[in-house]
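Asks: Any chance you can model this:
(2 chains)
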Amino acid sequence: MVDLLPEQGSGLLDRYQPGGAFDEAFDADGAVRGPYRRIVERFRELDIDEVKRLENLVADEFRRQGITFTVYSEEEGTERIWPMDLFPRIIAAAEWDELSRGLSQRVAAMNCFLADLYNGGGQAIADGVVPRWLVVSSQGFERNAVGIRVPHSAHCNIAGIDVVRAADGRYRVLEDNLRSPSGISYVIENRAAMAKACSWLFYDHPVEPTEQYGRMLRSTLESMAPDGRDSPHIVVLTPGIFNSAYFEHAFLARSMGVELVEGRDLVVDDHTVYSRTIEGLVKVDVIYRRIDDDFLDPVAFRPDSTLGVPGLLGALRAGTVTVCNAMGNGVVDDKAVYPYVPELIRYYLGAEPIIDNVTTYTMWDPDQRAEALARLDQLVAKPVGESGGYGVLIGPHATEQELDQARATIEAEPRDWIVQELVHLSTLPSFAEDRLEPRHLDLRPFVLTGERTQVFPGGLTRVAMRRGSLIVNSSQGGGSKDTWVLAPETP
Amino acid sequence: MRLGIAYRMHFRYSETVTESQNEVRVRPLHDDHQRVLAYRLISRPRLEVLSVSDYWGTTVEHLGIRIPHNELELVAESTVETSSRAEPAEPVEVAALTDSDFKTSHLEFLSASQHVHWEGGNALSQRAGSAVAGASSVQDMVRAVMADVRGVLTYRQGATDIGTTLTELLDGGAGVCQDFAHLAAGMLRSVGVPVRYVSGYLFAADETAPDTETADVVSVQTHAWIEAALPGWGWWALDPTNGGAVGERHVVIGRGRDYGDVPPVRGAFTGSGTAEVDAEVVIGRQFDGQASTPAGEPEPPRAVVTTPAAPNWRHQQSQQQQ
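Replies: Below is the predicted model:
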């Protein structure tokens, strides 16, 4: 079937020209890809006034719900209404099946590695899979986590894995987030707003629902209670209302039907954590914490922190409570460890990675460093300890001066950097003024692991707002899209 | 040498405290050089103690109290049999320090850490560079730095606190055993010699001169010294505070990158009051036939340390004074 682009419908997709990247909706000949057939037809029936009306409906909905996000790098106006593009991302059932198997596999291997490091004596290090020096020099390696028992060896209960689709149409993992990945609330709110404003778009699409996330998360956390306790008491621990993700913390507590607490609401007695409630102290079994390791317990970590719970480390060592995610997962988020993940999959699971890494050069290897720095103008340099796109240098967009400066910085501290091939992120029609234009995007699916592993259908699709931009992070001005995973067709 | 050790920590609060949480690292390590014959930690009020071995192999004991109290007393009693340690006989070549396997396997003790921080070209690394210039063996490098530390630092209590940086220490020119150990560690690491920080007890009436004749019982504080890695030989223990060797009078509690990995006491309490922490160690030499408990009445306590803390929670930790 060849579906010619122009001269049909309202003209929103007239002159739609996918660039050199893989376009999710149109193939190289301009034909609509299967999963997008119906949605493209529907958007062709829309005119721009109708689109503007729908966009306002969605924005009003977000405003009413208080769904905002924070941009830290700007001086003022840091709270913004969450931006969602109306044209959804659609993932066919078979494609999702493979992607989700790849994500489960990757998270399973990373969990094996964390269990090995913190409770298994470091077999992968002894066997030379990952160098010991790399682990002990990682800011994310938490020595206080060594020996703390973790039910089911599930150190990462909530993972957000950033995947991108390269020009060859294959997914690749760009970044692993195993500490406190945020964004799931936006996924659910995007769907809610989309369903409210344009329910007719969903017609004829067997879209996997998203509203079950609270139940999935709750059952995952329940399975993490020490000693397999029945009906465990779960709390969500937030740094407080000034945190950029506070909305999400409140959202998750509400959707699970559990308490949202701050450090001062919890107390440790006899190496057991209790929550101060109107009925008195109630024992806490599982803490879904959204504060960093360093702030968990001011006795053991940062004395200046008021966010944590004094004595919590002792309770963890006593095994009376579980924190999710476990302490010390940052060692896997360390981008210097990322190049080893495919090898960890082979080592622990005896299987080939279903999803590859982006080609990555390790800067502490002199040969790789020389090769990468010589063509840095074509590559991407990333600091190993940052996330959210901060500190990233995109070679083709950098000035000579910036490139030279980056080379000097990398030469001085090679452990602190990785350099990757530039991935020409896939594109999808997105609204720019009065028509749809290709915009680059990525995907953050969420993988939940407790007694068993579940991949939440879809995830957060982030989209660059400007033509040609590869920066999709909302903290850097990116937008989002509702992400539809189609259910398998019933025979 | 058999030693009976009693480490008394006495926290007194200006106002009633409703909750305090503490972790202590005071139990002597049990290894080839010292055998722990007896150990117990006693608290008043009586508290449940959780005892675990941490990443560094040090015993850490967690104690929490949630009843109103105006004072808290902890006493750690140990009986330890120590033996002497071997000294490196043959000179180790300086070039061996640059072996890449040696460097990567000792990375944790070659890198800057929380309390042992320097930068290339700063006063500390320049000082270390000149001190070891011309050294013909790693032992010479270590001895040169030990001498230099003793030259630049005068032993004086109260001149520093836990937050004092190495740069401030060099400027101030005075400190206690913890500072001597940190400065020696920083200087040696900056010239490529891996160094561990050791927390422990020293059986000596005068920590700056442990070889002088001592009474059978002394009242002191916890002590700190270092161990330098000699390629092909192992860890060589040295005491920067007195420039001497580490022997039977030294009892190891634990080892780490610096004080932050092995603090004897670390804690926090609620309330608006202030805390006075009196800590002291009474060590007595024991002979065959003697009971395994420390003897002697403690001298009046010293060392009042309170550190500023977050609102509502106050922090208490003791400096290693000796």
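
Asks: which residues in the stretch 151-300 of chain B form strands?
Replies: With DSSP state E, counting those that start in this stretch applied, the stretch 151-300 of chain B shows strands at B:154-155, B:174-175, B:195-202, B:217-220, B:223-230, B:234-239, B:244-245, B:250-256, B:265-270, B:275-286, listed in chain order.

Asks: Give the pairing partners of the longest one; include direction for each.
Replies: Spelled out, that is strand B:275-286. Partner strands and pairing direction for strand B:275-286 (DSSP bridges) are strand B:2-17 (antiparallel), strand B:217-220 (antiparallel).

Asks: now the ones you listed as CSV including mean neighbour count and mean pLDDT?
Replies: Glycine gets a C-beta too; all of them are placed from N, C-alpha and C. Shown next, in CSV, are the strands paired with strand B:275-286 (neighbours: other Cβ atoms under 10 Å in any protein chain shown; pLDDT from 0 to 100):
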stretch, mean neighbour count, mean pLDDT
strand B:2-17, 20, 92
strand B:217-220, 20, 77
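
Asks: Please identify which of the ones you listed is closest to residue A:404.
Replies: Set against residue A:404 and scored by Cβ to Cβ, the strands paired with strand B:275-286 come closest in strand B:2-17, at 55.6 Å.

Asks: residue ranges of the helices in the stretch 1-150 of chain A, please?
Replies: Counting by DSSP state H, counting those that start in this stretch, the segments of the stretch 1-150 of chain A that form helices are A:37-44, A:48-65, A:93-119, A:123-126, A:132-136.

Asks: Which strands and helices lie in contact with the longest strand along chain A?
Replies: With DSSP state E applied, the strand covering the greatest number of residues in chain A is identified as strand A:435-444. In this structure, strand A:435-444 packs against strand A:84-91, strand A:158-165, strand A:427-432, strand A:460-463, with contacts taken as 3 or more Cβ pairs under 8 Å, 6 or more residues apart in numbering or on different chains; DSSP states H and E.

Asks: any bit of stretch A:119-138 sitting next to chain B?
Replies: Yes: contact check for stretch A:119-138 against chain B, using Cβ under 8 Å from any Cβ of the partner chain: residues in range are A:131-133, A:136-137.

Asks: the bottom helix or strand of chain A by mean pLDDT?
Replies: Within chain A, confidence by mean pLDDT, DSSP states H and E is lowest for strand A:68-70 among all helices and strands, at a mean of 74.

Asks: list the contacts for residue A:178?
Replies: Each residue near residue A:178 by Cβ atoms under 8 Å, 6 or more residues apart in numbering or on different chains is listed here: A:110, A:114, A:155-156, A:159, A:325, A:329-330, A:332-333.

Asks: and those residues as a markdown table, adding neighbour count?
Replies: Formatted as a markdown table, the contacts of residue A:178 follow (neighbours: other Cβ atoms under 10 Å in any protein chain shown):
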| residue | neighbour count |
| --- | --- |
| A:110 | 27 |
| A:114 | 25 |
| A:155 | 28 |
| A:156 | 27 |
| A:159 | 28 |
| A:325 | 26 |
| A:329 | 27 |
| A:330 | 23 |
| A:332 | 28 |
| A:333 | 24 |
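
Asks: Now, the residues you listed that are in helices?
Replies: Cross-referencing the contacts of residue A:178 with the helices (criterion: DSSP state H) gives A:110, A:114, A:330, A:332-333 as the overlap.

Asks: Among those residues, which one lies nearest to residue B:142?
Replies: When the ones in helices among the contacts of residue A:178 are compared against residue B:142 (criterion: Cβ to Cβ), the nearest one is residue A:330, at 34.8 Å.

Asks: what about residue B:178, neighbour count?
Replies: Counted by other Cβ atoms under 10 Å in any protein chain shown, the residues lying close to residue B:178 total 28.

Asks: gap between it and chain A?
Replies: 17 Å (Cβ to the nearest Cβ, to the nearest Å).

Asks: so what pLDDT did that residue get?
Replies: Residue B:178 carries a pLDDT score of 94 in this model.

Asks: and what of the one 4 residues further on?
Replies: As summarised for this prediction, residue B:182 has a pLDDT of 97.

Asks: and chain A, which residues reach chain B?
Replies: Within reach of chain B by Cβ under 8 Å from any Cβ, chain A has these residues: A:131-133, A:136-137, A:143-144, A:146-147, A:264, A:267-271, A:298-300, A:303-306, A:310-311, A:313-314, A:317-318.

Asks: So which of those residues are in strands?
Replies: Of the residues of chain A next to chain B, the ones assigned to strands by DSSP E are A:267-269.

Asks: most surrounded residue in these?
Replies: Comparing those by number of neighbours (other Cβ under 10 Å), residue A:268 comes first, having 26 neighbours.

Asks: What residues are bridge-paired with that one?
Replies: Listed beta-bridge partners, residue A:268: residue A:273 (assigned using DSSP bridges).

Asks: surely it meets residue B:65?
Replies: No: under the contact definition of Cβ atoms under 8 Å, residue A:268 does not touch residue B:65, with a separation of 10.4 Å.

Asks: okay, and the common contacts of the two?
Replies: Shared between the contact lists of residue A:268 and residue B:65 (criterion: Cβ under 8 Å, 6+ apart) are residues residue B:21.

Asks: Quick one: neighbours of residue A:58, just the number.
Replies: Tallying neighbours of residue A:58 according to other Cβ under 10 Å, which is how burial is gauged here, yields 23.

Asks: Could you pull up the contacting residues of it?
Replies: Contacts for residue A:58 were tallied using Cβ under 8 Å, 6+ apart; they are A:84, A:86, A:193-194, A:197.

Asks: Export the residues you listed as JSON lines, with columns for neighbour count, pLDDT and distance to residue B:270.
Replies: What follows is the contacts of residue A:58, written out as JSON lines (neighbours: other Cβ atoms under 10 Å in any protein chain shown; pLDDT from 0 to 100; distance: Cβ to Cβ, whole Å):
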{"residue": "A:84", "neighbour count": "25", "pLDDT": "94", "distance to residue B:270": "45"}
{"residue": "A:86", "neighbour count": "22", "pLDDT": "95", "distance to residue B:270": "52"}
{"residue": "A:193", "neighbour count": "23", "pLDDT": "94", "distance to residue B:270": "44"}
{"residue": "A:194", "neighbour count": "22", "pLDDT": "94", "distance to residue B:270": "48"}
{"residue": "A:197", "neighbour count": "20", "pLDDT": "91", "distance to residue B:270": "50"}
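
Asks: and of those residues, the nearest to residue B:187?
Replies: Residue B:187 lies nearest to residue A:84 out of the contacts of residue A:58, by Cβ to Cβ, at 57.4 Å.
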